[in-house]
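# what's the 3D shape of this:
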Amino acid sequence: MIETIYKRRSIRKYQDKPIEEEKLNEVLRCAMYAPSAMNKQPWDFIVCTKRELLDEIQKIHPYSSMLKTAPCCIIVTGNTKTEYATGSYIQDCAAAVENLLLGAASVGLGTCWLGIYPDKKRQEAFREFLNMPQEIMPFCAIAIGYPNEEIMTPNRFDKSKIHFDKW
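Numbering: from 1, shown residues only. The predicted structure is shown next:
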């Protein structure tokens, strides 16, 4: 698992190959095993695989050009009616996304996290486009598919960012 963490990269070029249902379900299962405040699990996932939807998302999200080649996009949402406390869906969804990214990498898939939150206009555009109820908050979109590029692992360990006991 540690090696998966180090090797996971944001992928922006994908093979023209669909994702098997079993792998997609496994990735979503990983997301749902994330911790959440009081175990409320205030997340839902919209899986978009239709090309017309992926193309439309590119019109809504200005940094989603990788969806030209990605066979799938998962929209992660938070439910304000089921979250533990106001705004806690944000942390809960972030934990679910990290699990999803690592789960995808562990089964040979590449991903790219596309932020929707905290951009209110972008959240409203996604809510309208995907017919979400008012209590459902679009958090992010995840491009996912088989990588068509290899990105080297950088050294990101920085001791200067570690503080013991006090700043």
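
# now Gln123: how far from Phe129?
According to CB to CB, to the nearest Å, Gln123 and Phe129 sit 11 Å apart. Quick note: C-beta positions are derived from backbone N, CA and C, even for glycine.

# more crowded one of the two?
Gln123 (18 against 15; other CB atoms under 10 Å).

# so for the more buried one, what's the nearest residue that isn't a sequence neighbour?
Closest residue to Gln123 apart from its sequence neighbours, by CB to CB, 6 or more residues apart in numbering: Pro138 at 4.9 Å.

# okay, the host helix or strand of that neighbour in PDB with CA atoms only?
With secondary structure defined by DSSP states H and E, Pro138 is part of strand 136-145. What follows is strand 136-145, C-alpha atoms only, in PDB (Å, rounded to 0.1, in the frame of the first residue of the first chain):
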ATOM      1  CA  ILE A 136     -26.600  17.500  -2.600                       C
ATOM      2  CA  MET A 137     -23.300  19.500  -2.900                       C
ATOM      3  CA  PRO A 138     -21.000  18.700  -5.800                       C
ATOM      4  CA  PHE A 139     -17.600  18.300  -4.300                       C
ATOM      5  CA  CYS A 140     -15.300  17.200  -7.100                       C
ATOM      6  CA  ALA A 141     -15.000  15.200 -10.300                       C
ATOM      7  CA  ILE A 142     -12.500  12.400 -10.800                       C
ATOM      8  CA  ALA A 143     -11.300  11.500 -14.300                       C
ATOM      9  CA  ILE A 144     -10.600   7.800 -14.300                       C
ATOM     10  CA  GLY A 145      -9.300   5.300 -16.800                       C
END
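
# quick check: the gap between the most centrally placed residue in the chain and Ala85.
Geometric centre of the chain, nearest residue: Ile142, 3.8 Å, by CA atoms, centre = their mean. Taking CB to CB as the measure, Ile142 and Ala85 are separated by 25 Å.

# with Ala143 instead?
30 Å.

# same question for Gly115.
Taken as CB to CB, the span from Gly115 to Ala85 is 22 Å.

# now do the longest helix seen in the chain: which elements does it pack against?
Ranked by number of residues, the top helix in the chain under DSSP state H is helix 88-106. Packed against helix 88-106 by the contact rule (3 or more CB pairs under 8 Å, 6 or more residues apart in numbering; DSSP states H and E) you find helix 2-7, helix 21-32, strand 43-48, strand 72-79, strand 110-115, strand 136-145.
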